[in-house]
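Asker: From the sequence below, what's the structure:
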Amino acid sequence: MQSLVDRFGRTGFAALTSLMWALPMAAWAGSADLSPIDKTAYPWIALSIGVVMLVAWLALLTRVARVPVTARRRRLDFKQMSRDERRWNIALFAFACGLIAWLNAAATVDWSPLIGAISVGRVGPSVLAAALFAFAFAMAAGLWFSWRRSSAAFSRRP
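Answerer: This next block holds a predicted model:
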């Protein structure tokens, strides 16, 4: 654990290890959506695993707080970030969340009614589809742009 904390810093280590409870919680949310429909998903199992892993993650973070960290430049150390770098990292996070939300929605939606309406030539669904793809493009472009600006701000850090 010492080498991981030393490599990523406390903030980066906490962010990376948060996946151990965030992924089961995402599985719970997805199975809770599907469970009333097909009666095959068991959302309480995923929720239980997520809650247990959340408790384990919180215990892990209490141990990480006591690990000594060598002083050096780290990308995700909030104390070392400049104001510009914090701003672009927040934008990066927002665009990443927007793109992930779009991908999650795209993966869980039945597209056949929209495709059927577009193939018939209805204007409203065509505008909706164009707006959805414009949103996805805007999120991807914003993600790329904010990553570039965040990297530039990191390289200017003293």
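Asker: Neighbours of Ala153, how many?
Answerer: For Ala153, the neighbour count with other C-beta atoms under 10 Å is 18. To be clear about C-beta, it is placed using only N, CA and C from the backbone, and glycine gets the same treatment.
Asker: The nearest residue to Met20 once chain neighbours are set aside: which element?
Answerer: Distances taken as C-beta to C-beta, 6 or more residues apart in numbering place Met53 nearest to Met20, at 5.1 Å, with adjacent residues excluded. Met53 belongs to helix 43-64 when assigned by DSSP states H and E.
Asker: Packing partners of that helix?
Answerer: For helix 43-64, the helices and strands in contact under the criterion 3 or more C-beta pairs under 8 Å, 6 or more residues apart in numbering; DSSP states H and E are helix 2-17, helix 19-38.
Asker: For the ones you listed, which has the smallest mean pLDDT value?
Answerer: Among those, helix 19-38 carries the lowest mean pLDDT, at a mean of 65.
Asker: Buried ones in the helix or strand hosting Ala106, by neighbour count?
Answerer: When elements are assigned from DSSP H and E, Ala106 belongs to helix 83-108. Using 16 or more other C-beta atoms under 10 Å as the test for burial, helix 83-108 gives 85, 88-89, 91-92, 95-96, 98-99, 102.
Asker: Could you export these as JSON lines, including pLDDT and distance to Ala153?
Answerer: Shown next, in JSON lines, are these (pLDDT from 0 to 100; distance: C-beta to C-beta, whole Å):
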{"residue": "Glu85", "pLDDT": "88", "distance to Ala153": "4"}
{"residue": "Trp88", "pLDDT": "92", "distance to Ala153": "6"}
{"residue": "Asn89", "pLDDT": "89", "distance to Ala153": "8"}
{"residue": "Ala91", "pLDDT": "95", "distance to Ala153": "11"}
{"residue": "Leu92", "pLDDT": "92", "distance to Ala153": "11"}
{"residue": "Phe95", "pLDDT": "95", "distance to Ala153": "16"}
{"residue": "Ala96", "pLDDT": "93", "distance to Ala153": "17"}
{"residue": "Gly98", "pLDDT": "93", "distance to Ala153": "21"}
{"residue": "Leu99", "pLDDT": "93", "distance to Ala153": "21"}
{"residue": "Trp102", "pLDDT": "91", "distance to Ala153": "26"}
